[in-house]
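>>> Provide a 3D model corresponding to the input given below.
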Amino acid sequence: MTNTQRYRALFRQALLIRLVEEKIMELYPFDKIQSPVHLSIGQEAVAVGVCESLYREDLVFITYRGHAFYIAKGGDLRLMMAELFGRANGVSKGKAGSMHLAAPQVGVMGASAVVASTISLAVGAALANRLQKKSGLSVVCFGDGATEQGTYHESLNFAALYSLPVLFLCENNGLAVHATLAERQTYSIHKHAQGYGIESVRVEEGWDFQKIGDVTADITAAMRKDGRPRLIEVITCRYKEHVGPGEDYDAGYRSRTDIEAWMARDPLCQDIALAAELRPELDAEIAAAVAFAESGPLPGPADLLTDIV
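Residues are numbered from 1 along each chain as shown. Predicted structure coming up:
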């Protein structure tokens, strides 16, 4: 694949994610979507770049801001949209919604609304693979706020101690709801991980899916050889409010100027010609997913107590 072909493929995937979430924004006020939504608009490059070098058997543990990783890892868009609509033909039969997406058939192991709660699960999955002599990496995505939780530190220590192939991926958008890093942390996330003996890297260009892809490819190749954990911290930016389809500049913790500075480097905002070329095909794909969701059956009373463990 040439550099041009690669750029086009990654751009297409990132644009699909953005257009899907813009469609969610459009639909949300009509109460068709049956759960809160945490949009990753502005952060698409992280998911696209990271998933480029992952194999089908690699397991990805996502966050409640997980649409991008679900799509980038190969999750079925129709089933995701049906899930958001609360339909029985959704990926989790309409019971999980946006905040708990999962597609284990392609290695998306699910999300939780509880911050940092999937980090230890990724470590456990890596240990299980080791004991069962299975290949594949565990990749766990989390925000900068999750690094303040005890389970994060315990998981770093355990993964390092037992040399487990876990890729800790921090999407650092600098915010925990409305609280900035300066209000919450005294440490550097990627340097802190080195204290546990975990090799780490920080990627400043979180808009650049090719750069993120290159870094991830090098790291995952090394992990497949030595089986040791790594950490990647990617500096990124969410354009929308913490939860929901709106903007939050009136909250006073950031300004529109901050976001516009990021947009000035965002390929999805700047490469207008390629976006216009690809958009008709992607819009048709999204429209088909919405139609699938709208025509799907609603769960009935008999479904209420099924799938309970």
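>>> So P297 versus G94, what's the distance?
According to Cβ to Cβ, to the nearest Å, P297 and G94 sit 9 Å apart. For every residue, glycine as well, the C-beta is placed using N, CA and C.
>>> and if you look at G75?
Using Cβ to Cβ, G75 is found at 16 Å from G94.
>>> in the stretch 201-309 of the chain, which spans are strands?
230-235 (DSSP state E, counting those that start in this stretch).
>>> and L274, what does it touch?
When the contact criterion is Cβ atoms under 8 Å, 6 or more residues apart in numbering, the partners of L274 are R8, F11.
>>> try K32
The neighbours of K32, taking Cβ under 8 Å, 6+ apart as the test, are F85, E294.
>>> That one: what secondary structure?
What DSSP: H, G, I helix; E, B strand; the rest coil gives for K32 is coil.
>>> Sketch out the low-pLDDT regions of this protein for me.
For the chain, no stretch has pLDDT under 70.
>>> Start from the N-terminal end of it and give the helices.
Assigned by DSSP state H, the helices in the chain fall at 3-27, 44-51, 67-72, 77-84, 119-131, 150-161, 181-184, 189-194, 209-226, 256-263, 267-270, 272-295.
>>> Can you mark which positions in the longest one are buried?
So that's helix 3-27. Applying a neighbour-count criterion of 16 or more other Cβ atoms under 10 Å, one finds 7-8, 10-21, 23-25, 27 buried in helix 3-27.
>>> Check the fifth one too.
Taking 16+ other Cβ under 10 Å as the basis for neighbour counts, the residues of helix 119-131 that come out buried are I119, S120, L121, A122, V123, A125, A126, L127, N129.
>>> which residues touch that helix?
Helix 119-131 is contacted from outside by 59, 61, 109, 134-140, 142, 146, 149, 151-152, 154-155, 158-159, 162, 164-166, 168, 227, using Cβ under 8 Å, 6+ apart.
>>> cool, the second one as well?
Contacts with helix 44-51, where a contact means Cβ under 8 Å, 6+ apart, come from 10, 13-14, 17-18, 40, 60, 68-69, 71-74, 139, 169, 171, 206-213, 215-216, 232, 234, 236, 266-268.
>>> For ChimeraX, what selects the buried ones among the residues you listed?
Command for ChimeraX that selects the buried part of the contacts of helix 44-51, burial taken from 16+ other Cβ under 10 Å:
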select :10,13,14,17,18,40,60,68,69,71,72,73,139,169,171,206,207,208,209,210,211,212,213,215,216,232,234,236,266,267,268
